[in-house]
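Engineer: Here's my sequence, what's the structure:
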Amino acid sequence: MDSTVTGRCDGHGGRRVGHRAWCRCDNLGGRRGSSEVMVTLRTLDLVAVPEMSPLDIDVAVGAAVALVVPPPTATAVARVVAGLAAPVSGRILVGGRDVTDLPPLRRRIGYVPAGSALLPHLTVGRNISYGQRRRRGVREVAEGWAATLVERLELTPTLGLRPHQLSEAQRFRVALARAMACLPEVLVVDLPAPVDGVQLPELLDRTSPPDGPGVTVLLCSADEEALAGVDRRVTPADDTPPDPVRSAVRS
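Structural biologist: You can find the predicted model right below:
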């Protein structure tokens, strides 16, 4: 029998049933248990961070939730969700669609990595359109939206510049525009430290498409300043019993 000991959600109160303990965040802007739940992580087991408790998280459509974990763990989780690394066990669902075994380009998940990870030899404009060029059927639909993002994020004067000519805040906005230009259903942001001049909730509002329920956001960070304005938070359990099954039997 698979034993799952999972996260604790601030303000929502996880439940225990039998040997299972889990954190439910599926009421973040949606109805509990409804079909509106967008991102689901189940019993996530990471090779890169073997000491971390498994996760069980639901995030509703258009909601933003912060996974409060230190930088190595934050990066590991973000890469797993984005499809750049594989979980040892567990599943990742987007809108009821299992994307665990899909390559990144087929997941419809945008990713803002730590440090922005812009391509140094490309201009800002080509960095933003890079993801669109790699996704079939997206470029034609999203070109107008990319232009809107550039305007909303005040990047028009920088389109011909290269990453080394930008400030840290500008590089972050370019990475955000690149991720959102592909019309993702989910946005994963790895933010180990705050970026001067960046107010994440404000930027997310600017990049939200005018129509539709909005993009679901998973912010991975442990920095209080970086998490400012994100009220919904999940913290991996720190009270995991040595043997969850035996512990449940004794109770």
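Engineer: Do a quick rundown of the strands in the protein.
Structural biologist: Here the chain has its strands, by DSSP state E, at 8-9, 15-17, 20-22, 37-45, 56-60, 64-68, 89-94, 97-98, 109-112, 186-190, 216-221, 233-235.
Engineer: Now mean neighbour count, distance to residue 197 and mean pLDDT too, for these, in JSON lines please.
Structural biologist: C-betas here are computed from N, CA, C, even on glycine. Formatted as JSON lines, the strands of the chain follow (neighbours: other Cβ atoms under 10 Å; distance: least, Cβ to Cβ, whole Å; pLDDT from 0 to 100):
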{"stretch": "strand 8-9", "mean neighbour count": "20", "distance to residue 197": "30", "mean pLDDT": "34"}
{"stretch": "strand 15-17", "mean neighbour count": "10", "distance to residue 197": "40", "mean pLDDT": "29"}
{"stretch": "strand 20-22", "mean neighbour count": "21", "distance to residue 197": "37", "mean pLDDT": "28"}
{"stretch": "strand 37-45", "mean neighbour count": "23", "distance to residue 197": "28", "mean pLDDT": "64"}
{"stretch": "strand 56-60", "mean neighbour count": "24", "distance to residue 197": "27", "mean pLDDT": "79"}
{"stretch": "strand 64-68", "mean neighbour count": "24", "distance to residue 197": "20", "mean pLDDT": "89"}
{"stretch": "strand 89-94", "mean neighbour count": "18", "distance to residue 197": "31", "mean pLDDT": "83"}
{"stretch": "strand 97-98", "mean neighbour count": "12", "distance to residue 197": "36", "mean pLDDT": "88"}
{"stretch": "strand 109-112", "mean neighbour count": "25", "distance to residue 197": "15", "mean pLDDT": "94"}
{"stretch": "strand 186-190", "mean neighbour count": "25", "distance to residue 197": "16", "mean pLDDT": "93"}
{"stretch": "strand 216-221", "mean neighbour count": "26", "distance to residue 197": "17", "mean pLDDT": "91"}
{"stretch": "strand 233-235", "mean neighbour count": "20", "distance to residue 197": "23", "mean pLDDT": "84"}
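Engineer: Would you format those as CSV with distance to residue 153 included?
Structural biologist: Shown next, in CSV, are the strands of the chain (distance: least, Cβ to Cβ, whole Å):
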stretch, distance to residue 153
strand 8-9, 31
strand 15-17, 40
strand 20-22, 36
strand 37-45, 23
strand 56-60, 24
strand 64-68, 17
strand 89-94, 25
strand 97-98, 29
strand 109-112, 12
strand 186-190, 14
strand 216-221, 16
strand 233-235, 26
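Engineer: for those, which one sits closest to residue 82?
Structural biologist: Nearest to residue 82, of all these, is strand 109-112, at 4.0 Å by Cβ to Cβ.
Engineer: who does that closest one pair up with?
Structural biologist: strand 186-190 (parallel) (DSSP bridges).
Engineer: If I take the strand it pairs with and strand 56-60, what angle do their directions form?
Structural biologist: 120 degrees (axes from the mean of the first three to the mean of the last three Cα atoms, to 10 degrees).
Engineer: Name the residues that touch strand 186-190?
Structural biologist: Outside of strand 186-190, the residues within contact range by Cβ atoms under 8 Å, 6 or more residues apart in numbering are 38-39, 74-75, 78, 81-82, 94, 107-114, 176, 179-180, 200, 204, 215-221.
Engineer: For residue 124, which non-adjacent residue is spatially closest?
Structural biologist: The shortest distance from residue 124 to any non-neighbouring residue, by Cβ to Cβ, 6 or more residues apart in numbering, is to residue 158 (4.7 Å).
Engineer: That neighbour and residue 177, how far apart?
Structural biologist: Distance, residue 158 to residue 177, by Cβ to Cβ, to the nearest Å: 10 Å.
Engineer: of these two, who's got more company?
Structural biologist: residue 177 (26 against 21; other Cβ atoms under 10 Å).
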